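Trainee: Okay, here's the prediction I keep looking at, along with the sequence it came from:
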Amino acid sequence: MTVWHNQRLKDDETPLFSFNDRLRLGDGVFDTMLAVDGMLIHPRAHFQRLLDDALVLGIECHRTIEDLIDAAHTVLKQSNLQKGRVVINTLLTRGPAERGLMPDNMTDVQTVMRAVPAPQNMPPISAIIAKTVRRNEGSALSRIKSVNYGDNILALLEARKRGANEAILLNNKGNVACTTSGNIFIKHAGKLYTPPLKDGVLAGVTRAFVIERHEAIEKSLLEADIHNAEAIYVSNSIRGFAAIASLDGTPLPEASLPFDANAFLT
């Protein structure tokens with residue numbers, strides 16, 4: 001595989017970061033985007049969000065959206081991944097700096113991109129409602145794709161212990177926020193609902209698509225709303241839109257999708 005690192009192509013086994021990179025402090029953001037047969041899916045939305053998320057951390061990246069789109073096409077071509085479904089991962093960090101929390105004024109922003117084949121088969125989603133960790137809706141980090149995914153990892157570890165492969169996170173107020181790997185939607189009385197960003201929700205690209213094209217309603221949701229829903233769905237850029245098959249160990253009725261699962265590709 002080929003890695004694009006600050007406009008240079010490298011083998012994916014080449015070391016990219018020094019110990020001094022502020023990646024060690026979670027001082028960076030990332031993006032995960034799908035490509036299908038060489039076509040990038042919603043690249044402008046993905047890369048705009050990446051650059052906006054970086055600015056939340058005060059990281060000014062001088063790459064443009066066009067630069068990043070060109071880099072993605074280059075990585076696909078150089079990795080010989082212009083056929084089938086491919087995951088493009090982009091990582092942006094503040095760069096190397098002296099020790100300490102305060103960012104150095106003279107940092108060298110690092111931008112790294114890699115493409116890998118997407119999973120061929122996605123397992124059914126068996127979810128729990130996490131009890132060991134909560135989403136901090138008061139933190140700006142809850143609404144961006146920061147490289148600090150510690151809470152998500154803790155929730156996934158809890159899910160594994162409880163025989164599941166996904167976890168639904170509540171926020172500190174007890175409202176539903178998201179899952180560890182995507183946004184959450186519920187169906188009630190034939191309508192789709194999803195938590196608002198203020199509840200500690202990541203501004204997902206697929207989430208925005210569903211709200212815009214399928215009139216999903218932003219509304220704060222309680223745990224009871226999850227249990228009383230006609231169906232529960234997870235959205236992200238790789239899986240698309242999928243129903244949760246079981247919750248807290250209880251199988252859920254098979255739920256049809258409210259639209260074509262591949263609709264978000266266009």
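Mentor: Yes, it's here. Residues are numbered from 1 along each chain as shown.
Trainee: So what does the residue nearest to residue 65 when sequence neighbours are not counted look like in phi/psi?
Mentor: Distances taken as Cβ to Cβ, 6 or more residues apart in numbering put residue 47 closest to residue 65, at 4.6 Å, once the chain neighbours are dropped. Quick note: C-beta positions are derived from backbone N, CA and C, even for glycine. The phi/psi pair for residue 47 (degrees, to the nearest 10) reads phi -80, psi -30.
Trainee: pLDDT wise, what is residue 47 at?
Mentor: Residue 47 is assigned a predicted lDDT (pLDDT) of 98.
Trainee: Report the contact partners of it.
Mentor: By Cβ atoms under 8 Å, 6 or more residues apart in numbering, the contact set of residue 47 is 31, 65, 68-69, 90.
Trainee: Okay, it and residue 221: tell me how far apart.
Mentor: In this view, residue 47 and residue 221 are 30 Å apart by Cβ to Cβ, to the nearest Å.
Trainee: And for residue 41?
Mentor: Computed as Cβ to Cβ, the residue 41 to residue 221 distance reads 27 Å.
Trainee: Repeat that for residue 43.
Mentor: Residue 43 is 30 Å from residue 221, where distance means Cβ to Cβ.
Trainee: contact partners of the host helix or strand of residue 155?
Mentor: Using DSSP states H and E, residue 155 falls within helix 150-161. Helix 150-161 has contacts (Cβ under 8 Å, 6+ apart) with 127-128, 130-136, 165-167, 169, 180-181.
Trainee: lowest-pLDDT helix or strand in the chain?
Mentor: Ranked by mean pLDDT, DSSP states H and E, the helix or strand of the chain with the weakest confidence is strand 8-11, at a mean of 89.
Trainee: Which strands and helices lie in contact with that strand?
Mentor: On a contact count with 3 or more Cβ pairs under 8 Å, 6 or more residues apart in numbering; DSSP states H and E, strand 8-11 meets strand 2-5.
Trainee: now the strand it packs on, how far from the chain's geometric center?
Mentor: 21 Å (Cα atoms, centre = their mean, to the nearest Å).
Trainee: Give me the sheet partners of it and which way each runs.
Mentor: strand 8-11 (antiparallel), strand 110-117 (antiparallel) (DSSP bridges).
Trainee: Determine which stretch of those strands is the most buried.
Mentor: strand 110-117 (a mean of 20; mean count of other Cβ atoms under 10 Å).
Trainee: Okay then, goodbye and thanks.
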